[in-house]
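Participant: Here's my sequence, what's the structure:
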Amino acid sequence: MFSLHSAQRFRAVLTGVALTGLAVTAAPGLASAAPVAAGPQRHATRVSAVDSIEDGTARSLALSLADKAWQRQVSGALAKGGAVGLHGLTAGSATKGAAGLGERVATADRQVVEAKGLGADTGSLLRVRLVGAAADGVEPLVASSPSDDHATAVVAYDSTGKAYDLAADHAPDRPVILVDVDTDKATEAGLKVLQQELAAAGLQAPASAPTNTAAAAGGFWTTRVTSVTVKDVKEPWFKGAAEIFDLVTGFGLDGKVRVDTVTMPYLDYANTTYYPNQILVNWSLYKYNLADVVMMEDDGDTNYSSLAKALAAALLTITDQGAYIPLVNAIIDAMPSSWWTDDPDYVDSWYTLATTTTGTRAGASANGTMTFDRYWVSAL
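Facilitator: Next comes the predicted model:
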């Protein structure tokens, strides 16, 4: 969703490795809907487990659309605009095509939940949306939305199972049904997993009785985000809105590293300024007058359980030395290496926010900008 070029350069500085460029193998002469003679061709990048599940679901859905009654129902539901849950779509149809697809969708939903490290009670996550306008007599292709923003081609299928390479740099000239993950729902469920596992590891201890000056005075100081913007180089046609969340880190009142999660559900698109007036840091929870923020995105394939375990493994080794220690580097180093090649899970980071921090500050990767002010929260 958001460009990783600046994030990759930032990590190169942290690790002392100079990145000379990003190599992408592009298939020559891609047409808008060129048939693939020997099966779908992807560029040379890692394909995530969620990508594979979505691709298999897209092909199954395409084959099911050979049932024209089912095809009309799907097209009618998508013509209303927005995304539609695939499980609900199949469950609500009595057509032969839907009946044959329903079990495959249920299995794929369970696989996506597992691949993202979510709880079994998460429910269905796969959904479909229409790109381009439906046209009479034109059968839609079905594709999945790759997690890689820099993909050069998107593989799509027709109702016979034939695969097509669609150019990723411009919208196709025929309607395409896209299969992807409901990242709104996945992020909500994922942050619950993250909070539970961080708390279990001792990285999100509840606030104790009011022992610091602010709490004792009948309230506490916070740092509030009054505006936020994230840059991007190019928005691929196959991507939907982003799902952004922040990891706020510092030392808790108990002297241990603390990680708090803050969601930014309104921050959907790059190059757009939002004005949330949202509390980012609750200073009554922290021992020192400094904290760091790491902004992340769920682009469909984030595994929250793995993220929590990686954070815990890295941050539990850091002890309070009687002064503030930057924690952004530890968080970044804890992320799997694949997040720095294909997946835009890391967006940007802000070091050394304090209770006195005000005004506009660019992130360390120059990929995001936030404006802060001080905000006093009074006790009731």
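Participant: so the closest residue to Gly368 other than its chain neighbours is in which element?
Facilitator: Counting by C-beta to C-beta, 6 or more residues apart in numbering, Asp348 is the residue found nearest to Gly368 once chain neighbours are left out, at 3.9 Å. C-beta here means a position set from N, CA and C on the backbone, and glycine is covered the same way. With secondary structure defined by DSSP states H and E, Asp348 is part of strand 346-353.
Participant: Neighbours of Gly218, how many?
Facilitator: Summarising burial for Gly218: neighbours were counted as other C-beta atoms under 10 Å, giving 11.
Participant: thinking again about what came up before, correct me if wrong: the residue nearest to Gly368 contacts Asn367.
Facilitator: Yes: here Asp348 lies in contact with Asn367, judged by C-beta atoms under 8 Å, at a distance of 4.4 Å.
Participant: Okay, now the unreliable bits of the stretch 251-380 of the chain?
Facilitator: Applying pLDDT under 70 to the stretch 251-380 of the chain picks out residues 299-301, 316-317, 319, 322-324, 326, 333-344.
Participant: can you give me the helices for it?
Facilitator: Listed from the start of the chain, the stretch 251-380 of the chain has helices (DSSP state H, counting those that start in this stretch) covering 304-315, 328-334.
Participant: Identify each buried residue in the last one, please.
Facilitator: Applying a neighbour-count criterion of 16 or more other C-beta atoms under 10 Å, one finds Val328, Asn329, Ala330, Ile331, Ile332 buried in helix 328-334.
Participant: next one: the first one
Facilitator: When burial is assessed from 16+ other C-beta under 10 Å, helix 304-315 yields the following buried residues: Tyr304, Ser305, Leu307, Ala308, Lys309, Ala310, Leu311, Ala312, Ala314, Leu315.
Participant: Repeat that for stretch 260-279.
Facilitator: Neighbour counts using 16+ other C-beta under 10 Å place Asp260, Thr261, Val262, Met264, Leu267, Ala270, Tyr274, Pro276, Gln278 of stretch 260-279 among the buried residues.
Participant: Same check on stretch 69-83?
Facilitator: By neighbour count, with 16+ other C-beta under 10 Å as the criterion, the buried positions of stretch 69-83 are Trp70, Gln71, Gln73, Val74, Ser75, Ala77, Leu78, Ala83.
Participant: Quick check: mean pLDDT of it?
Facilitator: Over the span of stretch 69-83, the pLDDT mean works out to 91.
Participant: thinking again about what came up before, other SSEs contacting the strand holding Asp348?
Facilitator: In this structure, strand 346-353 makes packing contacts with helix 5-15, strand 219-230, strand 291-297, helix 328-334, strand 368-378, judged by 3 or more C-beta pairs under 8 Å, 6 or more residues apart in numbering; DSSP states H and E.
Participant: Would you mind giving the orientation angle of the last one with respect to strand 291-297?
Facilitator: Put simply, strand 368-378 runs at 120 degrees to strand 291-297, going by axes from the mean of the first three to the mean of the last three C-alpha atoms, to 10 degrees.
Participant: And for the longest one?
Facilitator: Direction vectors for strand 219-230 and strand 291-297, defined by the same axes, to 10 degrees, enclose an angle of 40 degrees.
Participant: Figure out how far strand 219-230 is from the centre of its chain.
Facilitator: On the basis of C-alpha atoms, centre = their mean, to the nearest Å, strand 219-230 sits 22 Å off its chain's mean C-alpha point.
Participant: likewise stretch 157-175?
Facilitator: 24 Å.
Participant: Could you export it as PDB, CA atoms only?
Facilitator: C-alpha atoms of stretch 157-175 as PDB (Å, rounded to 0.1, in the frame of the first residue of the first chain):
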ATOM      1  CA  TYR A 157      -8.600 -16.600 -14.200                       C
ATOM      2  CA  ASP A 158     -11.700 -17.100 -16.400                       C
ATOM      3  CA  SER A 159     -14.500 -19.600 -15.800                       C
ATOM      4  CA  THR A 160     -12.500 -22.300 -17.700                       C
ATOM      5  CA  GLY A 161      -9.500 -22.000 -15.400                       C
ATOM      6  CA  LYS A 162      -7.400 -20.300 -18.000                       C
ATOM      7  CA  ALA A 163      -4.800 -17.900 -16.400                       C
ATOM      8  CA  TYR A 164      -4.100 -14.400 -17.600                       C
ATOM      9  CA  ASP A 165      -1.400 -11.900 -16.600                       C
ATOM     10  CA  LEU A 166      -2.900  -8.500 -16.000                       C
ATOM     11  CA  ALA A 167      -0.500  -5.500 -16.100                       C
ATOM     12  CA  ALA A 168      -0.100  -4.200 -12.500                       C
ATOM     13  CA  ASP A 169       0.700  -0.600 -13.500                       C
ATOM     14  CA  HIS A 170      -2.700   0.200 -15.000                       C
ATOM     15  CA  ALA A 171      -6.300  -0.900 -14.500                       C
ATOM     16  CA  PRO A 172      -7.500  -3.700 -16.800                       C
ATOM     17  CA  ASP A 173      -9.800  -3.100 -19.700                       C
ATOM     18  CA  ARG A 174     -12.400  -5.700 -18.600                       C
ATOM     19  CA  PRO A 175     -14.100  -6.200 -15.200                       C
END
